[in-house]
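Student: A structural model of the following input is requested.
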Amino acid sequence: MLLIHVAEGRALVWDAEGARLLRELHGICGSPIGSLTRQPRQNHRLGLPLSLLPEEARLLAEGGLAQLVGPPAGPDMLATETPLEDTHARQRCLALERRRQQLQALVVHIRTEQRKKGQADEETDGQDPKAEGVDSPLAPLKELEGLDRDFSFPLASCLVHLPTACPRSRTLRCLDWRHPSPHWPHPSDPTYHLRYAIYRDLRRRGYYLTAAGKFGGDFLVYPAVHNPGTTLPHRPSLFWAGDPMRFHAHYVALCLPYNRQIPLPELVTAGRLCSSVKKTVLLCSVVEGERVVCTSMSWSGIRMMLNQAMKDQNNEDAVYIRYRTDGSLFNLRRLQAHTKTQEQLVHELLFADDAALVAHSEPALQRLTSCFAETARTEQKMAFFYTELLSYPHSCSAPNHGSSTGITYGS
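Tutor: Coordinates of the predicted model:
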């Protein structure tokens with residue numbers, strides 16, 4: 001059974017094999033928060049321990065796959081089996097032996113080079129000590145004679161061993177996920193039960209879920225594909241196809257009480273934030289005990305009106321863009337090939353909150369603009385205060401800002 005160590009409300013997994021099984025078999029990713037041994041001064045790639053959401057820890061404990069354990073009740077005596085001095089003594093012996101091997105190899109190398117030059121080893125014995133250099137084995141030989149006496153290995157150079165598991169056996173204190181405690185206070189929070197009900201329901205539908213604090217929500221929801229297979233309790237047979245390592249999240253879930261009145265600025269804030277990162281807001285609530293209802297909200301605006309306005313338009317009014325996806329993006333000659341190229345019909349170009357209508361001629365651009373204006377008046381979704389139209393002559397590749405078009409908006 002997997003042990004989940006709980007401290008001050010955080011659930012941590014220290015076992016590397018357990019973290020691997022959580023991801024591969026149960027679709028629980030967690031968040032690595034520990035530094036790597038060989039790269040401790042960076043935060044791009046992190047390692048153990050694996051931090052779990054409270055909902056993830058409860059799901060595992062409720063399914064009998066894990067046990068919550070807390071710190072010992074008494075004084076925490078977690079000293080390593082060997083003190084630092086013993087570790088330093090062992091590392092000094094290893095460093096001394098490595099230095100001796102280096103000096104011996106250096107002496108052998110120098111003498112080999114001397115033989116190649118036709119010099120005898122005895123000729124170097126009568127030389128002036130000031131002349132001793134790289135080409136003489138006297139210097140490394142003298143260092144070898146007093147190596148045991150003069151070798152220095154400061155304590156600051158000692159590598160400190162940080163165990164990822166307790167170096168000796170100790171008694172662990174099991175915690176009950178149903179009852180609050182100083183290290184597991186979540187059961188006393190009403191929002192925790194609401195979040196867990198929604199988390200469990202989305203898990204049953206086969207979605208990956210991770211924390212969404214940086215997006216202003218409760219969970220990031222990743223896609224799932226139905227497929228037969230063995231599964232974790234509390235979810236049907238699904239294949240976890242929306243792994244966050246391969247996919248972006250589709251939804252940002254907000255857990256709200258069913259009868260709560262949501263202020264309009266809060267809805268607008270959530271909609272605009274999720275629209276800027278190409279995600280859909282998912283308003284989730286629990287009704288009638290454990291039944292979860294979800295409402296999606298997308299900040300579409302211009303995109304919705306453009307789709308409505310252009311659905312019946314003639315393809316001759318639009319522009320075809322030719323492209324290919326096999327590399328050499330800036331090699332324009334590759335776009336002239338008759339194979340491996342694709343064409344996409346484009347009526348408009350969206351740039352964040354702005355949109356541009358594109359056409360090959362003035363009459364076609366006038367027809368597109370009139371359809372868009374009529375749709376906007378019908379839908380009554382936006383107020384247009386300023387419209388700027390730029391003319392791109394068909395024969396030119398650069399915009400001609402000085403040309404005047406006879407196009408009118410909403411005529």
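Student: tell me the domain boundaries of the chain?
Tutor: Segmentation of the chain into domains, based on automatic domain parsing, reads 1-35+45-75+176-185, 84-157, 189-299, 314-411.
Student: want to throw those into JSON lines with distance to residue 308, mean neighbour count and mean pLDDT?
Tutor: C-beta: built from backbone N, CA, C; applies to glycine. Written out in JSON lines, the entries for the domains of the chain read as follows (distance: least, C-beta to C-beta, whole Å; neighbours: other C-beta atoms under 10 Å; pLDDT from 0 to 100):
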{"stretch": "domain 1-35+45-75+176-185", "distance to residue 308": "38", "mean neighbour count": "17", "mean pLDDT": "90"}
{"stretch": "domain 84-157", "distance to residue 308": "71", "mean neighbour count": "12", "mean pLDDT": "76"}
{"stretch": "domain 189-299", "distance to residue 308": "15", "mean neighbour count": "16", "mean pLDDT": "82"}
{"stretch": "domain 314-411", "distance to residue 308": "5", "mean neighbour count": "12", "mean pLDDT": "63"}
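Student: List the contacts of the closest residue to residue 23 other than its chain neighbours.
Tutor: Computed as C-beta to C-beta, 6 or more residues apart in numbering, the closest residue to residue 23 that is not its neighbour in sequence is residue 29, at 5.8 Å. With contact set as C-beta atoms under 8 Å, 6 or more residues apart in numbering, residue 29 has these partners: 22-23, 208, 210, 243-244.
Student: Take these and keep only those in strands.
Tutor: Assignment to strands by DSSP state E places the following of the contacts of residue 29 there: 208, 210.
Student: Any chance of the contacts of residue 29 in JSON lines with distance to residue 137 as columns?
Tutor: Conversion of those to JSON lines gives the following (distance: C-beta to C-beta, whole Å):
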{"residue": "22", "distance to residue 137": "59"}
{"residue": "23", "distance to residue 137": "57"}
{"residue": "208", "distance to residue 137": "65"}
{"residue": "210", "distance to residue 137": "63"}
{"residue": "243", "distance to residue 137": "60"}
{"residue": "244", "distance to residue 137": "60"}
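Student: any idea which of the contacts of residue 29 is closest to residue 288?
Tutor: The nearest member of these to residue 288, counting by C-beta to C-beta, is residue 208 at 26.8 Å.
Student: residue contacts, the closest one?
Tutor: If a contact means C-beta under 8 Å, 6+ apart, then residue 208 has 27, 29, 221-224, 240, 242-244 as its contacts.
Student: Tell me what it is bridged to.
Tutor: In this structure, residue 208 bridges to residue 222 when assessed by DSSP bridges.
Student: Pull up the gap between it and residue 62, please.
Tutor: Noted for residue 208: a distance of 19 Å to residue 62, by C-beta to C-beta, to the nearest Å.
Student: got it, and residue 332?
Tutor: Using C-beta to C-beta, we find residue 332 at a distance of 59 Å from residue 62.
Student: For stretch 180-188, measure first residue to last.
Tutor: As for stretch 180-188, its first-to-last residue distance stands at 6 Å under the measure C-alpha to C-alpha, to the nearest Å.
Student: Tell me who's in contact with the residue lying closest to residue 194 once chain neighbours are set aside.
Tutor: By the measure of C-beta to C-beta, 6+ apart, the closest residue to residue 194 outside its immediate chain neighbours is residue 255, 5.4 Å from it. Residues touching residue 255, when contacts are defined by C-beta under 8 Å, 6+ apart, comprise 191, 194-195, 198, 218-219, 284-285.
Student: Repeat the analysis, applying 6 Å as the threshold.
Tutor: Listed by C-beta atoms under 6 Å, 6 or more residues apart in numbering, the contact partners of residue 255 are 194-195, 198, 218, 284.
Student: what do you get for residue 243?
Tutor: So residue 243 contacts nothing (C-beta under 6 Å, 6+ apart).
Student: can we see that at 10 Å?
Tutor: For residue 243, the contacting residues are 23-24, 27, 29, 208, 222-223, by C-beta atoms under 10 Å, 6 or more residues apart in numbering.
Student: okay if I get those as TSV plus distance to residue 272?
Tutor: Shown next, in TSV, are those (distance: C-beta to C-beta, whole Å):
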residue	distance to residue 272
23	33
24	37
27	31
29	27
208	25
222	22
223	23
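Student: Quick check: end-to-end length of stretch 182-195?
Tutor: Across stretch 182-195, the terminal residues are separated by 21 Å (C-alpha to C-alpha).
Student: Distance from the chain centre to it, please.
Tutor: With C-alpha atoms, centre = their mean, to the nearest Å as the basis, stretch 182-195 stands 27 Å off its chain's centre.
Student: can you check stretch 88-108 too?
Tutor: For stretch 88-108, the separation from the chain centroid amounts to 43 Å (computed by C-alpha atoms, centre = their mean).
Student: cool, stretch 144-153 as well?
Tutor: Distance, centroid of stretch 144-153 to centroid of chain: 50 Å (C-alpha atoms, centre = their mean).
Student: Please apply the same query to stretch 252-259.
Tutor: Mean-position distance between stretch 252-259 and its chain equals 25 Å (C-alpha atoms, centre = their mean).
Student: Can you check the distance spanned by that stretch, start to finish?
Tutor: Stretch 252-259 stretches 20 Å from its first residue to its last (C-alpha to C-alpha).
Student: Ok, stretch 181-200 next?
Tutor: 23 Å.
Student: and if you look at stretch 272-292?
Tutor: With C-alpha to C-alpha as the measure, the ends of stretch 272-292 fall 25 Å from one another.
Student: before we move on, what about stretch 292-309?
Tutor: Terminal residues of stretch 292-309 are spaced 36 Å apart (C-alpha to C-alpha).
Student: what do you get for stretch 244-259?
Tutor: End-to-end distance of stretch 244-259: 33 Å, with C-alpha to C-alpha as the criterion.
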